[in-house]
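>>> I need the structure of the sequence given here:
(2 chains)
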Amino acid sequence: MANQMTADSRAELGALRAQGGGRIVDALVRLFVLVCGVFVVVSTVLVIAFLAKTGIKGIREVGLAQIIGHVVWKPEAGLFGGVPLIVGTLISAAGAVVLGAAPAVFAAAWVTDFAPKSLKTPFRRLFEITSAVPSVVYGWLALSYLVPLMDRLAHRLYGEDAQVGGEGLASAAMLLGVMIVPTVTILSLDALARVPQSLRDASAALGASPLQTAFRVVIPGAWRGLLVAVFYGFARAAGETMAVQMVIGGARQLAPNAFAPTTTISTQIVMDMQNAMPGTPESDALYAMALVLLVLSSGVVLITRGLSARRSL
Amino acid sequence: MRPTIHSALGLFLLAPALFAMGACDKTPPPQENPASVSSSTSAQAAAPKIAPVTISGSSALQPLVNAAKEKYETTHAGASIEVSAGGSKKGIADVASGAVQVGDSDIAAPDDLKSQLVDHKVAVVGFAAMANKGDFNAKLTSLSMKDLARVFTGDAKNWKDLGGGNQPIVVINRAPASGTRAVFGGIVLGGDKFVEGQTEDNSGALVAKLKQTKGAISYLALSFKDDALVTLALKGADGAVVDTVDANIESGAYPIWSYEHMFTKGEPSGASKAFLDYVSSPEFQKTVVPSVKGFIPMTEMKTIRD
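Residues are numbered from 1 along each chain as shown, chains lettered A, B, ... in the order given. Below is the predicted model of the structure:
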């Protein structure tokens, strides 16, 4: 039958479908999209609600004072001092921003306003690809090459007999710095591209050199977007788990220096969750730490939102 | 309609199995054989005939369980055994909650679960302090119990304190859920009194860290013994050195060992009973157990412990 169908009859059929069946298909597609939308929103809200509920239960059981004020995290002894975890997370993420985000922003500025035009697209593609490299690969590379290097550096700095090693905040911050470069670079490129060409032209017309234009016109004009890029980098670094766990050492203590093993919130969740049966204080306290991490990261994202909402460019 | 219902049901049944695979230990122990790969296909083929026996827990025991699984599945047509490691305490928790049929553990069940769980002792494993190899410990092959305690509580900070060369000691711990940590701490330190330091959550990764970290020391099951590491023998009070060989564990001369337990919730039945019967059979104890590095058959033990 289908073979014998002429082009005309097919067109007729299509028209018929559009008239009669069209509405039903329309309604079905609409329903499908609606269901998807509701499903996504409900599941996201449920995840946050569950985390909040269990986390708050954990905070009630353990006490907020202990979670954000005590330095001994030892679930097997009923001690849930979260300070080493929170400090480890904040310092490693802040270190990553200094080591990784700042160069990324300037690299984006260089490509936007100084590099040959033909480099722009390959540069962007490069970072799109590297942002898709799984974190376990970064972690493994760091463990194999960065950690031994940092170990030598540590002993060079503190002496051969010192209790220092390659695993610690220095390695973690450096690794995270490398890991956030692609995200920060791509977001920075977008922010700089939003600065209108007319501003650059006007600056040049006033006699400003390209360098003056970049630092006095383009970067100040895009500063909110650049800040958003840096904050996203921070949030990504703070939430990273696998790679950091491989190089930070996993010692539940405040690090006396950047070359001593310590821990982060996400690292400790991975280490302890196997031993925490649901419903026990150990499990609730871990959820409390997860909630703290969520508040830290979402706080950063909210600040970012506030900044980008008022963005003029 | 019926076939779709069936396939939907199949998906539901498959989901926990997939989840169990995902929950597998991240590093295969050194003795692991390709059985775990091939068996997953045979498990799928055999699924309609006999339900698989699900096992989780101790990573120290895993090499032996893998060997048992391989032999058992080839000699018992249609049988399938699914093993995942995740630590002794997880094995006990999983079997108590009903998530798996058999929970592997290096340690005895906690008091509150003793009434529910039936203990099947399947082998004995020795544990030892193992260290990074270097000039600093080239002449140091044994440590006394007291020195081991000094190292792992953090009192001794340099290899020269132990009679070795000048090199800081880096203690690497297993995670608190580890049965190895519980056994070694219990016998050497009289409890979990380890100094806080670098922590690894599985034995395989720990071996890699020990090789890489200068001056590092940790504790492992002898099934993870490695020529690239220094395995420290025990120096007795009279100065005699007790090596970590099987004969010394069997006689009780070397005290750092534990029974390897397989727990079931209540008396086992069906497929899990058949598997446990096989594991405790003379055939398995006499031929398979001695062939897997680090394991000693229950029947060889001349000493008994509670």
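
>>> near chain B, which residues of the stretch 151-300 of chain A?
Counting by CB under 8 Å from any CB of the partner chain, the stretch 151-300 of chain A comes close to chain B at A:151, A:160-163, A:165-167, A:249-253, A:261, A:270-272, A:274-275, A:277. Just so you know, the C-beta spots here come from the backbone N, C-alpha and C atoms, and that holds for glycine as well.

>>> now, of the residues you listed, which are buried?
A:151, A:163, A:165-167, A:249-253, A:261, A:270-272, A:274-275 (16 or more other CB atoms under 10 Å in any protein chain shown).

>>> spatially nearest residue to the residue nearest the centre of chain B (excluding sequence neighbours)?
In chain B, the C-alpha nearest the mean C-alpha coordinate belongs to residue B:60, at 1.2 Å (CA atoms, centre = their mean). Excluding its sequence neighbours, the residue lying closest to residue B:60 (CB to CB, 6 or more residues apart in numbering or on different chains) is residue B:221, at 3.8 Å.

>>> name the next helix or strand downstream of the host helix or strand of residue A:220, please.
For residue A:220, the host element (DSSP states H and E) is helix A:219-221. Remark: after helix A:219-221, the chain's next helix or strand is helix A:223-239, criterion DSSP H and E.

>>> can you dump the C-alpha atoms of the next helix or strand after that next one in PDB for me?
As assigned by DSSP H and E, the chain's next helix or strand after helix A:223-239 is helix A:242-248. Taking Å, rounded to 0.1, in the frame of the first residue of the first chain, the C-alpha atoms of helix A:242-248 are listed here in PDB:
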ATOM      1  CA  MET A 242      36.500  12.200  44.200                       C
ATOM      2  CA  ALA A 243      39.700  14.000  43.100                       C
ATOM      3  CA  VAL A 244      40.100  15.900  46.400                       C
ATOM      4  CA  GLN A 245      39.600  12.700  48.500                       C
ATOM      5  CA  MET A 246      42.500  11.200  46.500                       C
ATOM      6  CA  VAL A 247      45.100  13.900  47.400                       C
ATOM      7  CA  ILE A 248      44.000  15.500  50.700                       C
END
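
>>> which of the residues of the stretch 151-300 of chain A next to chain B fall within strands?
Judged by DSSP state E, strands contain none of those.

>>> from those residues, which land in helices?
A:151, A:270, A:271, A:272 (DSSP state H).

>>> just put those residues in JSON lines and tack on distance to residue B:156.
Formatted as JSON lines, those follow (distance: CB to CB, whole Å):
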{"residue": "A:151", "distance to residue B:156": "21"}
{"residue": "A:270", "distance to residue B:156": "30"}
{"residue": "A:271", "distance to residue B:156": "26"}
{"residue": "A:272", "distance to residue B:156": "28"}
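
>>> and the furthest pair within these?
A:151 and A:272 (26.5 Å; CB to CB).

>>> same for the helix ranked longest in chain A, what does it pack against?
Longest helix in chain A by number of residues (criterion: DSSP H): helix A:22-62. Here helix A:22-62 touches helix A:281-309, going by 3 or more CB pairs under 8 Å, 6 or more residues apart in numbering or on different chains; DSSP states H and E.

>>> so which bits of the helix it packs on are buried?
A:281-294, A:296-297, A:300, A:304.

>>> and for stretch A:134-150?
Across stretch A:134-150, burial judged by 16+ other CB under 10 Å covers A:135, A:138, A:139, A:142, A:143, A:146, A:147, A:148, A:150.

>>> contacting residues around the closest residue in space to the last one that isn't next to it in sequence?
Once its chain neighbours are removed from consideration, residue A:150 has its nearest residue in residue A:166; the separation is 4.2 Å (CB to CB, 6+ apart). In this structure, residue A:166 makes contact with A:146, A:147, A:148, A:149, A:150, A:151, A:152, A:154, A:247, A:259, B:213, judged by CB atoms under 8 Å, 6 or more residues apart in numbering or on different chains.
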